[in-house]
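>>> Provided below are the primary sequence and the corresponding predicted coordinates.
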Amino acid sequence: MSRPRIVIVGAGFAGYRTARTLARLTRDKADITLLNPTDHFLYLPLLPQVAAGILEPRRVTVSLAGTLPHVRVVLGEADDIDLDARTVRYSDPEGGVGTLTYDRLVLAAGSVNKLLPIPGVAEHAHGFRGLPEALYLRDHVTRQVELAAGGEDPGSCGARCTFVVVGAGYTGTEVAAHGQLFTDELVGKQPLREGMRPRWILLDVAKRVLPEMDEKLSRTADRVLRQRGVDVRMGTSVKEATSDGVLLTDGEFVDTRTLVWCVGVRPDPLAESLGLPMERGRLLVEPTLQVQGRPEVFACGDAAAVPDLTKPGEYTPMTAQHAWRQGKVAGHNVAASLGRGEPKPYRHSDLGFVVDLGGVEAAANPLGIPLSGLAAGAVTRGYHLAAMPGNRIRVAADWLLDAVLPRQGVQLGLVRSWSVPLDTASPELARMPGAPEKDREKDREKGRGTPESSGRRGAVEERTAPDRAGVSSGPGAAHKDQAPDRPAPPPQARREVSEDRQKPAKGSEGES
């Protein structure tokens, strides 16, 4: 008798935990295949520290092959799922196609950047959902400070040292907090014009920072940000983005070369393409995480609308904590469907949230106990080390080095602006030369990455904290610099950028 075939789509928090749980429970009695665009699990909560130069990129990536024994890893993105034939068709990173057959399917495709129909945002902003975007932001911020330090025009220098973050949820708050510290340290080595310092602006239409979290955490984060010099503006957002800056909803125009888009995420439209019952872009599932009407199909994480058994009539929010726990339950229940154990419903208890604000500052409420300052910082970093499935010693070593040594304010030049567009179907991958037009066609076919499709989604949450549409965080950064003296992007990529982004703005010196 052949062994049952299990296919898991996505290796985020939910998919990775499902694969790890299944590998332990089935004990080589099933063929487990994990389909994912990259060969690693990305620990998203620490991504702002990569952008701020605290952690090296590989520290937040955990090898799938190295940590998931007895799991076959297939590199690719799912393009189509035939539920009747029980097949998954996918595209690999080099343009090839393949098909996987299954007896059990776990959909854990996760989420993508959320856009709103605001003029200019898609052209002049970047998301903060993947490692390439974090690397681009680190280079971009470093370059802006360097160009401002050597510039002569006060107006241009001021615009380069103004960084606008839209969304005061989990990610936006951390990006602004770490960003202010990072740019202050850069300026310490390359002083700006007299009387000038980097300026970070945090916008949100909500009434307070971290609007969906405990008010005590919100007040702590707001206090730290303002003391650090971040310009926190609640009740304000972006009305229009241009090549010279952003027009705010209060009528003010801010000259800037950087727009960081942190307004939440939306479920990957792959789930919606199945034609099954949905709830705001997420597949409706039973408490056992089985898709309604399809007992052989399970869904978890951001792809699934999981009933919240602690709040009847509601669904669990799209957070990393829920995705991680649901992955464990999904793995258990898939094994149970194959005769190994009994199925159980997903039920959770709130363990609290942590927000790293850089340095020794943080806001945390473990088990409902509000903390701030050094105690919160210790709890926050301890939580992340405990939650990471690998690289703990390397991450701790980077934190120690950052505490005793100055950061390296250098550009790597590995990720170009055109390779990390905001309206991408795959924020975890940088767009490659020769591929952009094909990727755009895929985005259009699946309805991904368009302001219109994003606008139809309801309020969603991102990573480890809730966010509202247009108000809160999603993991994003923008630029206004297109280098006149560097090799031009391939023709396909040039067709994707606006005229303003093909030509350097007045006073711009471009990317290195």
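Right, received. Where do you want to start? Residues are numbered from 1 along each chain as shown.
>>> distance of residue 287 from residue 168?
To residue 168, residue 287 is 33 Å away according to Cβ to Cβ, to the nearest Å. Placement of C-beta: from N, CA and C, glycine included.
>>> of these two, who's got more company?
More crowded of residue 287 and residue 168, by other Cβ atoms under 10 Å: residue 168, with 30 against 16.
>>> distance of that one from residue 4?
46 Å.
>>> and what of residue 131?
According to Cβ to Cβ, residue 131 and residue 4 sit 34 Å apart.
>>> Pick out whichever of those two has more residues nearby.
residue 131 (24 against 18).
>>> Let me see the contact set for that one.
42, 47, 50, 57, 60-61, 428 (Cβ atoms under 8 Å, 6 or more residues apart in numbering).
>>> and with 7 Å instead?
Counting by Cβ atoms under 7 Å, 6 or more residues apart in numbering, residue 131 touches 42, 57, 61, 428.
>>> One more: residue 302?
Residues near residue 302 by Cβ under 7 Å, 6+ apart: 110-111, 267, 318, 323.
>>> per-residue pLDDT, it?
In this model, residue 302 is scored at 94, pLDDT.
>>> do the same with residue 175
With respect to pLDDT, residue 175 has a value of 97.
>>> How many neighbouring residues does the nearest residue to it once chain neighbours are set aside have?
Sequence neighbours aside, residue 48 is the residue nearest to residue 175 in space, at 5.1 Å (criterion: Cβ to Cβ, 6 or more residues apart in numbering). Using other Cβ under 10 Å, residue 48 has 29 other residues around it.
>>> Next one: residue 48 relative to residue 348, how far apart?
Where residue 348 is concerned, residue 48 sits at a distance of 25 Å (Cβ to Cβ).
>>> Which residues are in contact with the closest residue to residue 43 other than its chain neighbours?
Counting by Cβ to Cβ, 6+ apart, residue 43 lies nearest to residue 60, which is 4.6 Å off, once chain neighbours are set aside. The contact partners of residue 60, taken as Cβ under 7 Å, 6+ apart, are 42-43, 46-47, 50.
>>> can you do 8 Å?
42-44, 46-47, 49-50, 131, 391, 395.
>>> In JSON lines: those, plus pLDDT, distance to residue 365 and secondary structure.
As requested, these are exported to JSON lines (pLDDT from 0 to 100; distance: Cβ to Cβ, whole Å; DSSP: H, G, I helix; E, B strand; the rest coil):
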{"residue": "42", "pLDDT": "97", "distance to residue 365": "25", "secondary structure": "strand"}
{"residue": "43", "pLDDT": "97", "distance to residue 365": "21", "secondary structure": "coil"}
{"residue": "44", "pLDDT": "95", "distance to residue 365": "20", "secondary structure": "helix"}
{"residue": "46", "pLDDT": "97", "distance to residue 365": "19", "secondary structure": "helix"}
{"residue": "47", "pLDDT": "96", "distance to residue 365": "22", "secondary structure": "helix"}
{"residue": "49", "pLDDT": "97", "distance to residue 365": "21", "secondary structure": "helix"}
{"residue": "50", "pLDDT": "97", "distance to residue 365": "25", "secondary structure": "helix"}
{"residue": "131", "pLDDT": "95", "distance to residue 365": "29", "secondary structure": "helix"}
{"residue": "391", "pLDDT": "96", "distance to residue 365": "26", "secondary structure": "coil"}
{"residue": "395", "pLDDT": "97", "distance to residue 365": "23", "secondary structure": "helix"}
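>>> And the residue nearest the centre of the chain, how close does it get to residue 8?
Computing the C-alpha centroid of the chain and ranking residues by Cα atoms, centre = their mean puts residue 129 first, at 2.4 Å. Separation of residue 129 from residue 8 (Cβ to Cβ): 20 Å.
>>> May I see the buried residues of stretch 222-230?
By neighbour count on 16 or more other Cβ atoms under 10 Å, the buried set for stretch 222-230 is 222-225, 228, 230.
>>> Closest one of the residues you listed to residue 151?
Taking Cβ to Cβ as the measure, residue 230 is the one of these closest to residue 151, at 23.3 Å.
>>> quick one on the thing from earlier: could you save the buried residues of stretch 222-230 as CSV and add columns showing pLDDT and secondary structure?
Output for those, formatted as CSV (pLDDT from 0 to 100; DSSP: H, G, I helix; E, B strand; the rest coil):
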residue, pLDDT, secondary structure
222, 97, helix
223, 96, helix
224, 97, helix
225, 97, helix
228, 95, helix
230, 97, coil
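>>> what helix or strand does residue 374 sit in?
helix 373-387 (DSSP states H and E).
>>> Dump the C-alpha coordinates for that helix into CSV.
Extracted as CSV, the C-alpha positions of helix 373-387 are listed here (Å, rounded to 0.1, in the frame of the first residue of the first chain):
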residue,chain,number,x,y,z
GLY,A,373,11.8,50.0,29.5
LEU,A,374,14.6,47.6,30.3
ALA,A,375,12.2,44.9,31.7
ALA,A,376,10.1,45.0,28.5
GLY,A,377,13.2,44.9,26.4
ALA,A,378,14.4,41.8,28.1
VAL,A,379,11.1,40.1,27.8
THR,A,380,10.7,41.0,24.2
ARG,A,381,14.1,39.7,23.1
GLY,A,382,13.7,36.6,25.2
TYR,A,383,10.3,35.9,23.6
HIS,A,384,11.8,36.2,20.1
LEU,A,385,14.7,33.9,20.9
ALA,A,386,12.3,31.3,22.4
ALA,A,387,9.9,31.6,19.4
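>>> So what's the gap between that helix and the chain middle?
In terms of Cα atoms, centre = their mean, to the nearest Å, the centre of helix 373-387 is found 21 Å from the chain centre.
>>> list the helices and strands it packs on?
When contacts are defined as 3 or more Cβ pairs under 8 Å, 6 or more residues apart in numbering; DSSP states H and E, helix 373-387 packs onto strand 354-356, strand 362-364, helix 392-404.
>>> can you give me the strands in the stretch 101-250 of the chain?
Taking DSSP state E, counting those that start in this stretch, the strands of the stretch 101-250 of the chain run over residues 104-107, 111-113, 162-166, 199-204, 231-234, 238-241, 245-248.
>>> For residue 173, see how far away the residue nearest to residue 175 is.
Residue 48 is 9 Å from residue 173, by Cβ to Cβ.
>>> try residue 15
From residue 15 over to residue 173 the distance is 27 Å, taken as Cβ to Cβ.
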